[in-house]
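A.B. asks: Sequence and predicted structure, then a few things I'm wondering about:
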Amino acid sequence: MVITNNMGYPEALVRAVSNDSYSRGEGVNRSVTGLLAPPRQAALKEIHGHEIVEDVSDRTYALYGQLVHLLLERAGEQSRNAINEERLYAEVGGWTISGQTDTLTLTEDQRSWIISDYKFVTAYKFKRSYSGELVIPEDYENQLNLYAYLLRENDFPVDGLQIVAIYRDWSKLEAKRDKNYPQLGAETHDIPLWSEDKAKAFIEERVRLHQEADVAARKGRGISQNDLPECDDEERWAKPDKFGLMPTAKSARARKLFNSEVDATTWAAANNMKPGWVIEHRRGVNTRCESYCLVSEYCEQFQALQEIQ
(Lines give C-alpha, C1' and ligand atoms only; values in the text may rest on other atoms or scores of the structure.)
Protein backbone atom coordinates (compact mmCIF):
# COMPACT_ATOMS: atom_id res chain seq x y z
CA MET A 1 0.00 0.00 0.00
CA VAL A 2 1.14 3.53 -0.82
CA ILE A 3 0.22 6.28 1.67
CA THR A 4 -0.10 9.85 0.40
CA ASN A 5 -0.61 13.21 2.11
CA ASN A 6 -2.67 15.13 -0.42
CA MET A 7 -4.43 17.19 2.28
CA GLY A 8 -1.14 18.51 3.70
CA TYR A 9 -1.47 17.05 7.20
CA PRO A 10 1.30 17.90 9.73
CA GLU A 11 4.34 15.66 9.37
CA ALA A 12 4.05 14.34 12.93
CA LEU A 13 0.51 13.13 12.22
CA VAL A 14 1.62 11.59 8.94
CA ARG A 15 4.33 9.61 10.70
CA ALA A 16 1.97 8.52 13.48
CA VAL A 17 -0.55 7.20 10.98
CA SER A 18 2.04 5.64 8.67
CA ASN A 19 4.11 3.90 11.34
CA ASP A 20 1.46 1.34 12.19
CA SER A 21 3.14 -1.71 13.73
CA TYR A 22 0.07 -3.95 13.38
CA SER A 23 0.74 -7.52 12.29
CA ARG A 24 -1.68 -10.43 12.18
CA GLY A 25 1.24 -12.79 12.82
CA GLU A 26 3.63 -14.82 10.69
CA GLY A 27 2.01 -17.50 8.55
CA VAL A 28 -1.51 -16.35 9.43
CA ASN A 29 -4.15 -16.62 6.68
CA ARG A 30 -6.66 -14.27 8.27
CA SER A 31 -7.03 -12.29 11.47
CA VAL A 32 -10.39 -12.19 13.23
CA THR A 33 -11.13 -8.74 11.81
CA GLY A 34 -10.06 -9.89 8.34
CA LEU A 35 -12.28 -12.96 8.63
CA LEU A 36 -15.28 -10.77 9.42
CA ALA A 37 -14.68 -8.57 6.37
CA PRO A 38 -16.45 -9.44 3.10
CA PRO A 39 -14.65 -12.34 1.33
CA ARG A 40 -14.75 -10.45 -1.98
CA GLN A 41 -13.02 -7.46 -0.43
CA ALA A 42 -10.30 -9.65 1.09
CA ALA A 43 -9.73 -11.47 -2.21
CA LEU A 44 -9.41 -8.21 -4.16
CA LYS A 45 -6.86 -6.99 -1.62
CA GLU A 46 -4.84 -10.14 -2.34
CA ILE A 47 -4.91 -9.29 -6.05
CA HIS A 48 -4.43 -5.51 -5.90
CA GLY A 49 -2.72 -4.97 -2.55
CA HIS A 50 0.43 -3.52 -4.13
CA GLU A 51 -1.64 -1.02 -6.15
CA ILE A 52 -3.73 0.41 -3.32
CA VAL A 53 -3.22 4.09 -2.56
CA GLU A 54 -4.67 5.66 0.59
CA ASP A 55 -4.37 9.20 1.87
CA VAL A 56 -3.43 10.02 5.44
CA SER A 57 -6.71 11.91 5.77
CA ASP A 58 -8.55 8.59 5.37
CA ARG A 59 -6.37 6.72 7.87
CA THR A 60 -6.73 8.78 11.04
CA TYR A 61 -8.99 6.02 12.39
CA ALA A 62 -5.79 3.97 12.85
CA LEU A 63 -4.78 6.33 15.65
CA TYR A 64 -7.60 5.01 17.85
CA GLY A 65 -6.01 1.56 17.85
CA GLN A 66 -2.73 3.14 18.90
CA LEU A 67 -4.53 5.01 21.67
CA VAL A 68 -5.84 1.70 23.04
CA HIS A 69 -2.27 0.37 23.07
CA LEU A 70 -1.10 3.48 24.93
CA LEU A 71 -3.99 3.23 27.39
CA LEU A 72 -3.20 -0.39 28.24
CA GLU A 73 0.51 0.39 28.47
CA ARG A 74 -0.16 3.15 30.99
CA ALA A 75 -2.50 0.87 32.94
CA GLY A 76 0.52 -1.10 34.05
CA GLU A 77 2.31 -4.35 33.47
CA GLN A 78 0.55 -7.67 33.17
CA SER A 79 -0.16 -9.60 36.33
CA ARG A 80 -1.41 -13.02 37.34
CA ASN A 81 -4.99 -11.78 37.04
CA ALA A 82 -4.79 -9.77 33.81
CA ILE A 83 -3.14 -10.14 30.42
CA ASN A 84 -2.98 -7.26 27.95
CA GLU A 85 -2.80 -7.47 24.15
CA GLU A 86 -2.42 -11.22 23.84
CA ARG A 87 -2.40 -12.64 20.29
CA LEU A 88 -3.71 -16.18 19.99
CA TYR A 89 -3.77 -18.62 17.10
CA ALA A 90 -5.88 -21.57 16.00
CA GLU A 91 -6.11 -23.89 13.00
CA VAL A 92 -9.52 -23.80 11.34
CA GLY A 93 -10.23 -25.72 8.14
CA GLY A 94 -6.55 -25.85 7.21
CA TRP A 95 -6.01 -22.12 7.77
CA THR A 96 -4.27 -20.34 10.63
CA ILE A 97 -6.49 -17.71 12.24
CA SER A 98 -5.23 -15.15 14.77
CA GLY A 99 -6.77 -12.55 17.02
CA GLN A 100 -5.42 -10.11 19.58
CA THR A 101 -7.50 -9.32 22.62
CA ASP A 102 -7.10 -6.02 24.45
CA THR A 103 -7.44 -7.35 27.99
CA LEU A 104 -8.05 -10.75 29.57
CA THR A 105 -9.07 -10.71 33.23
CA LEU A 106 -9.38 -13.72 35.52
CA THR A 107 -12.72 -14.22 37.24
CA GLU A 108 -12.85 -14.08 41.03
CA ASP A 109 -12.80 -17.87 41.30
CA GLN A 110 -9.62 -17.92 39.15
CA ARG A 111 -11.15 -20.52 36.82
CA SER A 112 -12.01 -18.59 33.65
CA TRP A 113 -11.45 -15.33 31.80
CA ILE A 114 -13.34 -12.18 30.85
CA ILE A 115 -12.48 -10.68 27.44
CA SER A 116 -12.54 -6.88 27.31
CA ASP A 117 -12.23 -4.96 24.06
CA TYR A 118 -11.77 -1.18 24.00
CA LYS A 119 -13.56 0.92 21.40
CA PHE A 120 -13.21 4.65 20.72
CA VAL A 121 -16.63 5.37 19.23
CA THR A 122 -19.23 8.08 18.85
CA ALA A 123 -21.70 8.28 21.71
CA TYR A 124 -24.59 7.55 19.37
CA LYS A 125 -23.11 4.09 18.70
CA PHE A 126 -24.51 3.08 22.10
CA LYS A 127 -27.49 5.42 22.36
CA ARG A 128 -30.53 3.58 23.61
CA SER A 129 -33.81 3.45 21.70
CA TYR A 130 -36.89 5.37 22.84
CA SER A 131 -37.92 2.26 24.80
CA GLY A 132 -34.59 2.25 26.61
CA GLU A 133 -33.28 -0.82 24.77
CA LEU A 134 -29.57 -0.97 23.96
CA VAL A 135 -28.75 -2.79 20.73
CA ILE A 136 -25.20 -4.14 20.63
CA PRO A 137 -23.65 -3.78 17.14
CA GLU A 138 -23.56 -7.19 15.48
CA ASP A 139 -19.97 -6.83 14.32
CA TYR A 140 -18.83 -6.33 17.94
CA GLU A 141 -20.67 -9.45 19.06
CA ASN A 142 -19.15 -11.47 16.20
CA GLN A 143 -15.64 -10.18 16.89
CA LEU A 144 -15.61 -10.93 20.61
CA ASN A 145 -17.12 -14.37 20.17
CA LEU A 146 -14.39 -15.27 17.68
CA TYR A 147 -11.85 -14.14 20.27
CA ALA A 148 -13.60 -16.43 22.74
CA TYR A 149 -13.26 -19.30 20.27
CA LEU A 150 -9.51 -18.68 19.98
CA LEU A 151 -9.13 -18.59 23.74
CA ARG A 152 -10.96 -21.88 24.19
CA GLU A 153 -8.79 -23.47 21.51
CA ASN A 154 -5.78 -22.38 23.56
CA ASP A 155 -7.21 -23.82 26.81
CA PHE A 156 -8.46 -20.51 28.22
CA PRO A 157 -12.01 -21.02 29.57
CA VAL A 158 -14.16 -17.95 28.84
CA ASP A 159 -16.84 -16.68 31.20
CA GLY A 160 -17.83 -13.32 29.72
CA LEU A 161 -17.33 -10.67 27.04
CA GLN A 162 -17.25 -6.89 27.42
CA ILE A 163 -16.96 -3.81 25.27
CA VAL A 164 -15.37 -0.84 27.03
CA ALA A 165 -16.76 2.05 25.00
CA ILE A 166 -14.89 5.36 25.24
CA TYR A 167 -17.01 8.07 23.64
CA ARG A 168 -14.83 10.44 21.68
CA ASP A 169 -17.63 13.02 21.26
CA TRP A 170 -19.45 12.62 24.59
CA SER A 171 -21.40 15.67 25.81
CA LYS A 172 -22.39 16.25 29.43
CA LEU A 173 -25.15 18.60 28.30
CA GLU A 174 -26.60 15.98 25.96
CA ALA A 175 -26.48 13.39 28.75
CA LYS A 176 -28.56 15.70 30.97
CA ARG A 177 -31.02 16.42 28.17
CA ASP A 178 -31.53 12.86 26.92
CA LYS A 179 -31.80 9.89 29.31
CA ASN A 180 -31.16 7.46 26.42
CA TYR A 181 -27.85 9.12 25.56
CA PRO A 182 -24.78 7.55 27.31
CA GLN A 183 -24.69 8.99 30.80
CA LEU A 184 -20.93 8.65 31.19
CA GLY A 185 -17.97 9.39 28.93
CA ALA A 186 -16.97 5.72 29.07
CA GLU A 187 -19.13 2.67 29.74
CA THR A 188 -18.75 -1.10 29.90
CA HIS A 189 -21.28 -3.18 27.98
CA ASP A 190 -21.72 -6.92 28.35
CA ILE A 191 -21.77 -8.88 25.09
CA PRO A 192 -23.72 -12.14 24.66
CA LEU A 193 -21.39 -15.14 24.89
CA TRP A 194 -22.20 -17.83 22.32
CA SER A 195 -22.11 -21.54 22.96
CA GLU A 196 -18.97 -23.35 21.84
CA ASP A 197 -20.94 -25.08 19.06
CA LYS A 198 -22.31 -21.80 17.70
CA ALA A 199 -18.88 -20.14 17.70
CA LYS A 200 -17.30 -23.16 16.02
CA ALA A 201 -19.95 -23.26 13.28
CA PHE A 202 -19.64 -19.52 12.69
CA ILE A 203 -15.85 -19.41 12.34
CA GLU A 204 -15.81 -22.53 10.15
CA GLU A 205 -18.34 -20.93 7.79
CA ARG A 206 -16.37 -17.67 7.63
CA VAL A 207 -13.18 -19.60 6.84
CA ARG A 208 -14.96 -21.60 4.13
CA LEU A 209 -16.27 -18.43 2.46
CA HIS A 210 -12.85 -16.78 2.53
CA GLN A 211 -11.11 -19.88 1.23
CA GLU A 212 -13.49 -20.05 -1.74
CA ALA A 213 -12.87 -16.38 -2.50
CA ASP A 214 -9.12 -16.89 -2.10
CA VAL A 215 -9.13 -19.76 -4.60
CA ALA A 216 -11.13 -17.65 -7.06
CA ALA A 217 -8.72 -14.74 -6.60
CA ARG A 218 -5.69 -16.89 -7.37
CA LYS A 219 -7.45 -18.47 -10.33
CA GLY A 220 -8.57 -15.19 -11.86
CA ARG A 221 -5.76 -12.87 -10.84
CA GLY A 222 -5.77 -10.02 -13.28
CA ILE A 223 -8.19 -11.79 -15.63
CA SER A 224 -11.77 -12.06 -14.39
CA GLN A 225 -13.78 -11.60 -11.21
CA ASN A 226 -16.62 -13.86 -12.31
CA ASP A 227 -15.84 -16.53 -9.71
CA LEU A 228 -15.54 -14.12 -6.78
CA PRO A 229 -18.53 -14.05 -4.39
CA GLU A 230 -20.45 -10.79 -4.57
CA CYS A 231 -20.90 -8.57 -1.54
CA ASP A 232 -24.51 -8.61 -0.35
CA ASP A 233 -26.50 -5.57 0.79
CA GLU A 234 -25.35 -5.92 4.39
CA GLU A 235 -21.69 -6.19 3.42
CA ARG A 236 -22.00 -3.13 1.17
CA TRP A 237 -23.82 -1.19 3.93
CA ALA A 238 -26.40 -0.55 1.25
CA LYS A 239 -29.12 2.04 1.73
CA PRO A 240 -32.12 1.55 -0.61
CA ASP A 241 -33.72 4.10 -2.89
CA LYS A 242 -36.12 6.46 -1.14
CA PHE A 243 -38.89 8.67 -2.49
CA GLY A 244 -39.33 12.01 -0.78
CA LEU A 245 -42.71 13.69 -0.81
CA MET A 246 -41.90 17.37 -1.24
CA PRO A 247 -44.60 20.00 -0.47
CA THR A 248 -43.37 22.02 -3.49
CA ALA A 249 -40.68 21.69 -6.14
CA LYS A 250 -38.58 24.26 -4.24
CA SER A 251 -38.90 22.62 -0.82
CA ALA A 252 -35.62 21.84 0.93
CA ARG A 253 -37.03 19.06 3.10
CA ALA A 254 -39.35 16.17 2.40
CA ARG A 255 -42.66 15.91 4.23
CA LYS A 256 -42.16 12.15 4.47
CA LEU A 257 -39.94 9.44 2.95
CA PHE A 258 -41.27 6.29 1.26
CA ASN A 259 -39.86 3.08 -0.15
CA SER A 260 -41.69 3.45 -3.46
CA GLU A 261 -43.21 6.15 -5.65
CA VAL A 262 -46.59 4.42 -5.41
CA ASP A 263 -46.53 4.61 -1.60
CA ALA A 264 -45.68 8.31 -1.76
CA THR A 265 -48.48 9.06 -4.23
CA THR A 266 -51.02 7.06 -2.24
CA TRP A 267 -50.13 8.83 1.01
CA ALA A 268 -50.33 12.28 -0.64
CA ALA A 269 -53.83 11.54 -1.97
CA ALA A 270 -55.06 10.07 1.32
CA ASN A 271 -53.80 13.07 3.30
CA ASN A 272 -55.11 15.75 0.94
CA MET A 273 -51.75 17.30 0.15
CA LYS A 274 -52.06 20.77 -1.36
CA PRO A 275 -51.54 21.01 -5.15
CA GLY A 276 -47.93 21.51 -6.22
CA TRP A 277 -46.36 18.60 -4.35
CA VAL A 278 -43.70 16.57 -6.12
CA ILE A 279 -41.89 13.29 -5.52
CA GLU A 280 -38.12 13.38 -5.33
CA HIS A 281 -36.30 10.13 -6.15
CA ARG A 282 -33.30 9.72 -3.86
CA ARG A 283 -30.90 7.12 -5.14
CA GLY A 284 -29.67 4.48 -2.72
CA VAL A 285 -25.99 4.33 -1.82
CA ASN A 286 -23.52 1.55 -1.11
CA THR A 287 -21.85 3.27 1.81
CA ARG A 288 -18.97 0.87 2.36
CA CYS A 289 -18.12 0.68 -1.33
CA GLU A 290 -18.24 4.41 -1.89
CA SER A 291 -16.42 5.59 1.23
CA TYR A 292 -14.75 2.78 3.15
CA CYS A 293 -13.47 0.14 0.74
CA LEU A 294 -9.87 0.35 -0.47
CA VAL A 295 -10.49 -1.91 -3.48
CA SER A 296 -13.77 -0.49 -4.80
CA GLU A 297 -12.04 1.01 -7.82
CA TYR A 298 -10.95 -2.50 -8.84
CA CYS A 299 -14.31 -4.12 -8.08
CA GLU A 300 -16.42 -5.04 -11.12
CA GLN A 301 -19.51 -5.49 -8.93
CA PHE A 302 -19.25 -1.94 -7.61
CA GLN A 303 -18.66 -0.55 -11.10
CA ALA A 304 -21.78 -2.34 -12.34
CA LEU A 305 -23.83 -0.93 -9.46
CA GLN A 306 -22.59 2.56 -10.28
CA GLU A 307 -23.73 2.17 -13.88
CA ILE A 308 -27.22 1.15 -12.74
CA GLN A 309 -27.48 4.24 -10.57
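C.D. replies: Sure thing, it's come through. Bear in mind that the values here come from a model prediction, so they are computed numbers and not experimental data.
A.B. asks: what ranges of the stretch 1-150 of the chain fall below the confidence cut-off?
C.D. replies: 76-78 (pLDDT under 70).
A.B. asks: hmm, try it at 90
C.D. replies: Where the stretch 1-150 of the chain drops to pLDDT under 90, the residues are 1-3, 12-25, 45-50, 56-82, 84-85, 129-132, 135.
A.B. asks: and what of the stretch 201-309 of the chain?
C.D. replies: 214-228, 249-252, 255, 272-275, 306-309.
A.B. asks: Can you show me the helices along this protein?
C.D. replies: For the chain, helices defined by DSSP state H occupy the ranges 11-18, 32-36, 39-48, 62-75, 138-153, 172-177, 196-219, 261-270, 287, 300-308.
A.B. asks: Name all residues that make contact with the residue most central in space within the chain.
C.D. replies: Centroid-nearest residue in the chain: Asp139, 6.0 Å away (criterion: CA atoms, centre = their mean). Residues near Asp139 by CB atoms under 8 Å, 6 or more residues apart in numbering: Leu36. Bear in mind the C-beta positions are built from the backbone N, C-alpha and C, glycine included.
A.B. asks: Swap in 10 Å and give it another go.
C.D. replies: Taking CB atoms under 10 Å, 6 or more residues apart in numbering, we find Asp139 in contact with Thr33, Leu36, Ala37.
A.B. asks: The second one: neighbour count?
C.D. replies: Pointing back at Leu36 there. Neighbour count of Leu36, defined by other CB atoms under 10 Å: 18.
A.B. asks: and the residue nearest to it when sequence neighbours are not counted, what does it touch?
C.D. replies: Leaving aside its chain neighbours, Leu36 sits nearest to Asn142 (5.6 Å; criterion: CB to CB, 6 or more residues apart in numbering). Applying CB under 10 Å, 6+ apart, we find Asn142 in contact with Val32, Leu35, Leu36, Ile191, Trp194, Ala199, Phe202, Ile203, Arg206.
A.B. asks: just Gly65 next, same as before
C.D. replies: Applying CB under 10 Å, 6+ apart to Gly65 gives the contacts Asp20, Tyr22, Asp102, Tyr118, Phe120.
A.B. asks: I'd assumed Ser31 was in contact with the second one.
C.D. replies: When you say that, I think you mean Tyr22. Yes - taking contacts as CB atoms under 10 Å, Tyr22 lies within contact range of Ser31: 9.0 Å.
A.B. asks: List the residues that are in contact with both of the two.
C.D. replies: Common neighbours of Tyr22 and Ser31 (CB under 10 Å, 6+ apart) are Gln100.
A.B. asks: and these two? which has more neighbours close in?
C.D. replies: Ser31 (19 against 11).
A.B. asks: my read: the more buried one touches Ala90, true?
C.D. replies: No - using CB under 10 Å, Ser31 makes no contact with Ala90, being 11.7 Å away.
A.B. asks: who touches both of those two?
C.D. replies: Ile97, Ser98, Gly99, Leu146.
A.B. asks: from these, which is closest to Met1?
C.D. replies: Ranked by distance to Met1 (CB to CB), these are led by Ser98 at 20.0 Å.
A.B. asks: quick one: contacts for the closest one?
C.D. replies: Residues in contact with Ser98, defined by CB under 10 Å, 6+ apart, are 23-32, 34-35, 87-90, 150.
A.B. asks: Show the model's pLDDT score for the nearest residue to Trp170 once chain neighbours are set aside.
C.D. replies: Leaving out its chain neighbours, the residue that sits closest to Trp170 by CB to CB, 6+ apart is Gly185, at 4.3 Å. On the pLDDT scale, Gly185 is placed at 96.
A.B. asks: how many other residues sit next to Tyr61?
C.D. replies: Residues near Tyr61, counting by other CB under 10 Å: 10.
A.B. asks: hang on, the earlier thing: can you list the helices of the chain in JSON lines and add distance to Trp237?
C.D. replies: Conversion of those to JSON lines gives the following (distance: least, CB to CB, whole Å):
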{"stretch": "helix 11-18", "distance to Trp237": "24"}
{"stretch": "helix 32-36", "distance to Trp237": "14"}
{"stretch": "helix 39-48", "distance to Trp237": "12"}
{"stretch": "helix 62-75", "distance to Trp237": "19"}
{"stretch": "helix 138-153", "distance to Trp237": "11"}
{"stretch": "helix 172-177", "distance to Trp237": "26"}
{"stretch": "helix 196-219", "distance to Trp237": "18"}
{"stretch": "helix 261-270", "distance to Trp237": "24"}
{"stretch": "helix 287", "distance to Trp237": "4"}
{"stretch": "helix 300-308", "distance to Trp237": "12"}
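A.B. asks: out of those helices, which comes closest to Ala238?
C.D. replies: Smallest distance to Ala238 across these (CB to CB): 7.3 Å, for helix 287.
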